[in-house]
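Undergrad: Model the structure of this input:
(chains A, B, C and D)
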2 protein chains.
Amino acid sequence: MRAHNLALVLHTVANSADRPSRAAIAAATGLTRATVSALVDDLVAGGLLTELDPPPRTGAGRPAVGLALTSAGPAGLGLEINVDYLAACVVDLTGAVRQRFVEHADQRPAGAEGSLAALGALAARARLAAEADGLIIAGAALAVPGLVTADGLIRVAPNLGWQDVDAPALLREVPELADLPITVDNEANLAALGELRVTGGDPTYLYVSGEIGIGAGLILDGDLYRGVRGWSGEIGHLTVFPDGRPCRCGAHGCLEQYAGQESLATDEPLAAQALGIALSAVVNLLDVPAIVLGGAYAPFFPRLRPGIEAELHRRVLTAGLAPVTLRPATLGADAAMRGAADTVIRSVRDDPAAWLRRAG
Amino acid sequence: MRAHNLALVLHTVANSADRPSRAAIAAATGLTRATVSALVDDLVAGGLLTELDPPPRTGAGRPAVGLALTSAGPAGLGLEINVDYLAACVVDLTGAVRQRFVEHADQRPAGAEGSLAALGALAARARLAAEADGLIIAGAALAVPGLVTADGLIRVAPNLGWQDVDAPALLREVPELADLPITVDNEANLAALGELRVTGGDPTYLYVSGEIGIGAGLILDGDLYRGVRGWSGEIGHLTVFPDGRPCRCGAHGCLEQYAGQESLATDEPLAAQALGIALSAVVNLLDVPAIVLGGAYAPFFPRLRPGIEAELHRRVLTAGLAPVTLRPATLGADAAMRGAADTVIRSVRDDPAAWLRRAG
DNA sequence: CGGATTTGTTTATTGGTTGAATTATTTGGC
DNA sequence: GCCAAATAATTCAACCAATAAACAAATCCG
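TA: I've put the predicted structure just below:
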């Protein structure tokens, strides 16, 4: 119960735009001021919240003391491995990117072990730099373009040519990372989460990432839906033209063959139509009120929009009752890496009690 | 916290096949025997659990007292209105159907007020019969073939010809129902929930209901996913052939035009192919491990299966990594009505503390 | 018939929240 | 310039609920 209330208080602070006082938190959560005081004291002592000297003034009475997430406490290490680059970043509790390292290089020749060793070195640099800055790395998360099981095994990453790679084990061979909890997730899933932090509005949307392949991450009510086996979001292989072009997956008429990175440049109207058909299916099925186009789609957004919206309007049953919002992603190439770091931050924010136990 | 633990104990009893003792519940939940005793006593006093005289015997030691959901406590009133019939049933806490009334008649000429008045009369009979049997109706839920908003307004029910009908208000005009909380939901959604009780295994599946239209209910981890506006599951209007047959919704090539009730009889292979294409989209997107075919599909299941599975095998990206189970629904025409009653039971089971307060 | 064994209850203790009273710090009025 | 009003935060006694451990009850086994 205390654990639950600690998380409740922390979320209230995180979600409030200004710097709430203890009394404001009590009012927002329904807890007593006394209870909030006790909880906040623990969170401050544990290095999750900081009291701000210049509090936001109001009318009469004793001035409140502002509270905010600390920028010197736990931080998340976000990692990404993709066909043509490696990246690592450190994001603190407030969501600020404190370190960022990117290394451009074709990863296909290196193989899994080579790539992960290089990424491990990058991650170690990021960690040391962050810790010199007063941060404590709470864990790491890795984004990969492939299918990942719940326990972090990369089953298959077609564009990297990987199969059954135990990425956490390989990363932990780097001494500086040996003690970290490391999770692995699909790139589109994490990019979807990354976009969530930037999104002010509705926390339910489909994020579509157009790269060489097409992936999607489904955010339902602020949480990533991963599917039973973690393999949700394979929108690239939705059938749009049943007897259409053959796909490398063995089927015919997959979205990827019409709205993949190369088709995007050569036949834009067809890409928009195919995307529109696939996205209509998603909306009909899940009633998602918003769709975010990321990856390679973001720069093409203005040109894709009319074609997609025409199909949505035509094919979505409830189009007349409520509109579907279509918007470009705001994070760009860093989305997956940021989302990865966010999952770590999120685990601390969702269970502050565990962090306090660990921090003593 | 007490509320949470009451629900935990109640769920443990509900989900256990035998009749657990207080000690067995303690072992299963991790709570202390003392705590469980206190909670169980409250649940027994509140008429949710009963102690069974002939307990399941074992080796040595003091014999246990078996516990089970009571069949004389709160019950749910499940209602359904469809094109050619009205139905009402009462389901008790254990899931047993205690009353069942069906009235076959074309509802289109009656209009919303006429149909709901007739349904109200049916519901009143069901309630009185159930209460004579010692049950207490905790609430009612209504299944309709149409789009329903979160607050129970039927926005549009095309096959009934209804628009913007406030069904709860009309039902509450019947004196015997005036005091009941009444919710309304889409027929396919509730049928999906109805199937859940019968399903022993995986609580994540898509239920597809083939009637005049085609609807679907998505059960994710034991919970119905309704979508942001409650309009999820409109699988009938997934595009399977982009330039195909015109649909009454205005689009072309909707699943409904190839796998609706009439096409089902006339062109079975095409229906199977179309269903396979649409279901592949669902699996690629959501990674659902099981699909249940209900409504008019159930009797056709053996003949549809090969065609659907061929498409799934071809078009689902992860088909080689893990299979998708396809099975027929077991409940038949009563699924939606039973699911409706189940939502009421479910609300009691998920928050027994509220019921105890109400029961005194 | 007596010890072993398991169930269920009783009792004292602890963790955590609540509510009322208390202290602290400002604004505003006379 | 001082006092009252207002608001923020803390302290303290009371209470609720879960725990642990001891205890009572009911059965089996030798």
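
Undergrad: for chain A, which spans come out with low pLDDT?
TA: A:53-59, A:200, A:360 (pLDDT under 70).

Undergrad: residues in it within reach of DNA strand C, list them.
TA: Applying CB under 7 Å from any atom of the strand, we find that chain A lies next to DNA strand C at A:1-2, A:5, A:30-35, A:38-39, A:57, A:59-63. In this view, the C-beta of every residue, glycine as well, is placed from N, C-alpha and C.

Undergrad: the strands in the stretch 51-200 of chain A, which residues?
TA: Residue ranges of the strands in the stretch 51-200 of chain A, as given by DSSP state E, counting those that start in this stretch, are A:66-69, A:74-82, A:85-92, A:97-104, A:136-144, A:147-148, A:153-157, A:162-166, A:182-186.

Undergrad: re earlier: just the buried residues out of the residues of chain A next to DNA strand C, in PyMOL syntax.
TA: The following PyMOL line selects those of the residues of chain A next to DNA strand C that are buried, judged by 16 or more other CB atoms under 10 Å in any protein chain shown:
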select buried, chain A and resi 5+31+35+38+39
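
Undergrad: which among the residues of chain A next to DNA strand C are in contact with DNA strand D?
TA: A:33, A:34, A:38, A:59, A:60, A:61, A:62, A:63.

Undergrad: would you list the residues you listed in CSV and tack on distance to residue A:70?
TA: Shown next, in CSV, are those (distance: CB to CB, whole Å):
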residue, distance to residue A:70
A:33, 22
A:34, 23
A:38, 18
A:59, 28
A:60, 30
A:61, 26
A:62, 24
A:63, 21
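
Undergrad: Looking at the stretch 101-250 of chain A, which residue is nearest DNA strand C?
TA: residue A:138 (21.4 Å; CB to the nearest atom of the strand).

Undergrad: which residue packs closest to that residue, ignoring adjacent ones?
TA: Among residues not flanking residue A:138 along the chain, residue A:74 sits closest, at 4.1 Å (CB to CB, 6 or more residues apart in numbering or on different chains).

Undergrad: Pretty sure the one you found sits against residue A:130.
TA: No. Using CB atoms under 8 Å, residue A:74 is not in contact with residue A:130, being 10.6 Å away.

Undergrad: Output the longest helix belonging to chain A.
TA: Determined from DSSP state H, the single longest helix within chain A is helix A:111-132.

Undergrad: who touches residue A:213 in this structure?
TA: By CB atoms under 8 Å, 6 or more residues apart in numbering or on different chains, the contact set of residue A:213 is A:145, A:158, A:159, A:236, A:256, A:260.

Undergrad: For these, which entry has the maximal number of neighbours?
TA: residue A:256 (28 neighbours; other CB atoms under 10 Å in any protein chain shown).

Undergrad: follow-up on the earlier one: only the buried residues of the longest helix of chain A, if you could.
TA: A:112, A:115-124, A:126-127, A:130.

Undergrad: tilt between that helix and strand A:136-144?
TA: Angle of helix A:111-132 versus strand A:136-144, following axes from the mean of the first three to the mean of the last three CA atoms, to 10 degrees, is 150 degrees.

Undergrad: ok, and what's touching helix A:111-132?
TA: Helix A:111-132 is contacted from outside by A:75, A:77, A:79, A:81, A:86-90, A:98-101, A:103, A:105, A:107, A:110, A:137, A:140, A:142, A:154, A:160, A:162, A:165, A:167, A:170-171, A:173-177, using CB under 8 Å, 6+ apart.

Undergrad: Alpha carbons only: can I get it in PDB?
TA: The C-alpha trace of helix A:111-132 is given here as PDB (Å, rounded to 0.1, in the frame of the first residue of the first chain):
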ATOM      1  CA  GLY A 111      27.800  -9.800 -36.700                       C
ATOM      2  CA  ALA A 112      25.900  -9.900 -33.500                       C
ATOM      3  CA  GLU A 113      28.900 -10.300 -31.200                       C
ATOM      4  CA  GLY A 114      30.900  -7.500 -33.000                       C
ATOM      5  CA  SER A 115      28.000  -5.100 -33.000                       C
ATOM      6  CA  LEU A 116      27.100  -5.700 -29.400                       C
ATOM      7  CA  ALA A 117      30.700  -5.400 -28.300                       C
ATOM      8  CA  ALA A 118      30.900  -2.000 -30.000                       C
ATOM      9  CA  LEU A 119      27.500  -1.000 -28.500                       C
ATOM     10  CA  GLY A 120      28.700  -2.100 -25.100                       C
ATOM     11  CA  ALA A 121      31.700   0.200 -25.400                       C
ATOM     12  CA  LEU A 122      29.500   3.100 -26.400                       C
ATOM     13  CA  ALA A 123      27.100   2.300 -23.500                       C
ATOM     14  CA  ALA A 124      30.000   2.200 -21.000                       C
ATOM     15  CA  ARG A 125      31.200   5.600 -22.200                       C
ATOM     16  CA  ALA A 126      27.700   7.000 -21.700                       C
ATOM     17  CA  ARG A 127      27.300   5.500 -18.300                       C
ATOM     18  CA  LEU A 128      30.600   6.900 -17.000                       C
ATOM     19  CA  ALA A 129      29.900  10.300 -18.400                       C
ATOM     20  CA  ALA A 130      26.500  10.300 -16.800                       C
ATOM     21  CA  GLU A 131      27.800   9.100 -13.400                       C
ATOM     22  CA  ALA A 132      30.400  11.800 -13.500                       C
END
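
Undergrad: quick check: angle from that helix to strand A:153-157?
TA: Going by the same axes, to 10 degrees, helix A:111-132 makes 120 degrees with strand A:153-157.

Undergrad: how deep is the nearest residue to residue A:46 once chain neighbours are set aside tucked in, by neighbour count?
TA: Leaving aside its chain neighbours, residue A:46 sits nearest to residue A:356 (4.1 Å; criterion: CB to CB, 6+ apart). By other CB under 10 Å, 18 other residues sit near residue A:356.

Undergrad: Contact partners for residue A:356?
TA: The contact partners of residue A:356, taken as CB under 8 Å, 6+ apart, are A:6, A:42, A:43, A:46, A:48.

Undergrad: What about the residues you listed, which one has the most neighbours?
TA: residue A:48 (25 neighbours).

Undergrad: Smallest gap between chain A and DNA strand D, at which residue?
TA: residue A:61 (2.1 Å).

Undergrad: Quick one: residues contacting that residue.
TA: By CB under 8 Å, 6+ apart, residue A:61 has no neighbours at all.

Undergrad: need the contacts of residue A:213 in CSV with distance to residue A:314, can you?
TA: Compiled in CSV, the contacts of residue A:213 are given as follows (distance: CB to CB, whole Å):
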residue, distance to residue A:314
A:145, 32
A:158, 33
A:159, 33
A:236, 22
A:256, 22
A:260, 23
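
Undergrad: from the residues you listed, which single one is nearest residue A:211?
TA: residue A:145 (6.9 Å; CB to CB).

Undergrad: where along chain A do the helices fall?
TA: A:2-15, A:22-29, A:33-45, A:111-132, A:167-171, A:187-198, A:256-259, A:261-266, A:268-286, A:297-315, A:335-350, A:352-359.

Undergrad: In the stretch 101-250 of chain A, what residue comes closest to chain B?
TA: Going by CB to the nearest CB, chain B is nearest to residue A:227 of the stretch 101-250 of chain A, at 2.7 Å.

Undergrad: I'd guessed that residue sits against residue B:288; true?
TA: Yes. Here residue A:227 lies in contact with residue B:288, judged by CB under 8 Å, at a distance of 7.3 Å.

Undergrad: What count of nearby residues applies to residue A:221?
TA: 10.

Undergrad: Give me the phi and psi angles of it.
TA: phi 50, psi 40 (degrees, to the nearest 10).
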